[in-house]
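Chemist: Let me see the structure of the following:
(one chain, ligands or ions: 1)
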Amino acid sequence: MPAGGNKGYPSRYESRLTLKNGKEVLIRPILQTDSDLIIDIFNRISPRSTYQRFLTKLEVLSEDMLHHFTHIDYETDFALVAVVEEGDSDAVIAVARYMYDPAEDNTDLGLTVRDDWQNLGLGKTLLEMLVSVAGKHGISRFRSMMDAGNTIMEKILKDLGYEVKYSLRSGFYEVEILV
Ligand SMILES: CC(C)(COP(=O)(O)OP(=O)(O)OC[C@H]1O[C@@H](n2cnc3c(N)ncnc32)[C@H](O)[C@@H]1OP(=O)(O)O)[C@@H](O)C(=O)NCCC(=O)NCCS
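Modeler: Numbering: from 1, shown residues only. Next up is the predicted model:
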């Protein structure tokens, strides 16, 4: 499995997870070499899911974004991916990340599950795992923008029992999460 050349890659966060459909997925921290897999999932999620993740009609991932997504310090920025084998190659089917923004002194959360793997428990479990990693780095408070119609995310946050505060700002929810 992974690790090659990624300074500080924390292999202790690798695990296997069985989904509600009985399929097993590998969960691991993101690698610098995952760029192609990240482009692949980005190209395969629906426009609706893309919008709910990025809150804009993003059509292409820029090189800068890709670099930012895959080159992380595994402390203030962290991402877990879920990987399955598809044919002869691996595919990333979900990504959960937190990112520290020094300008805002805030840690943002992002979560995406490829549409054909949604509703199998992956999003909730991945978020729970990510929040547990964050806790190990002393991070227990997050602030993110969310589509006000994202009832699935609202349900997940409620089910996980986090303290969540929603404020409406220019048509979006600003969500403060305390875990
Ligand atoms: C939000 C998202 C990550 C959830 O991933 P997922 O793997 O489908 O989530 P899970 O299967 O763990 O949980 C979904 C829950 O919502 C429920 N659900 C499904 N449709 C729903 C709806 N329209 N309204 C409310 N709840 C709904 C499911 O039944 C499930 O609950 P359960 O565990 O009690 O059965 C996924 O939908 C996604 O990628 N959306 C687009 C990006 C996004 O919105 N990201 C969040 C903001 S960054």
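Chemist: where do the helices sit along this protein?
Modeler: 35-44, 47-54, 63-70, 122-136, 151-159 (DSSP state H).
Chemist: deepest of these, which one?
Modeler: Greatest average neighbour count among the helices of the chain goes to helix 122-136 (a mean of 18), per mean count of other C-beta atoms under 10 Å. C-beta: built from backbone N, CA, C; applies to glycine.
Chemist: How about residues contacting stretch 98-116?
Modeler: Contact with stretch 98-116 is made by 41, 44-46, 49, 53, 76-79, 82, 93-97, 122-123, 126-127, 130, 134, 139, 141-144, 153, 177, as judged by C-beta atoms under 8 Å, 6 or more residues apart in numbering.
Chemist: Go back to those residues and keep what's next to the ligand.
Modeler: When C-beta under 6 Å from any ligand atom is applied, the members of the contacts of stretch 98-116 adjacent to the ligand are S49, R53, L122, G123, M153.
Chemist: For the protein, what lies in contact range of the ligand?
Modeler: Residues of the chain lying near the ligand (C-beta under 6 Å from any ligand atom): 49, 52-53, 110-113, 118-124, 146, 150-153, 155-156.
Chemist: how about a cut-off of 5 Å?
Modeler: 49, 52-53, 110-113, 118-119, 121-124, 151-153, 155 (C-beta under 5 Å from any ligand atom).
Chemist: where in this protein is pLDDT low?
Modeler: 1-5 (pLDDT under 70).
Chemist: Work out which residue lies at the spatial centre of it.
Modeler: Nearest to the mean C-alpha position of the chain, by C-alpha atoms, centre = their mean, lies A96 at 1.5 Å.
Chemist: For the ligand, what is the nearest residue in this structure?
Modeler: Closest residue of the chain to the ligand, C-beta to the nearest ligand atom: G123 (2.2 Å).
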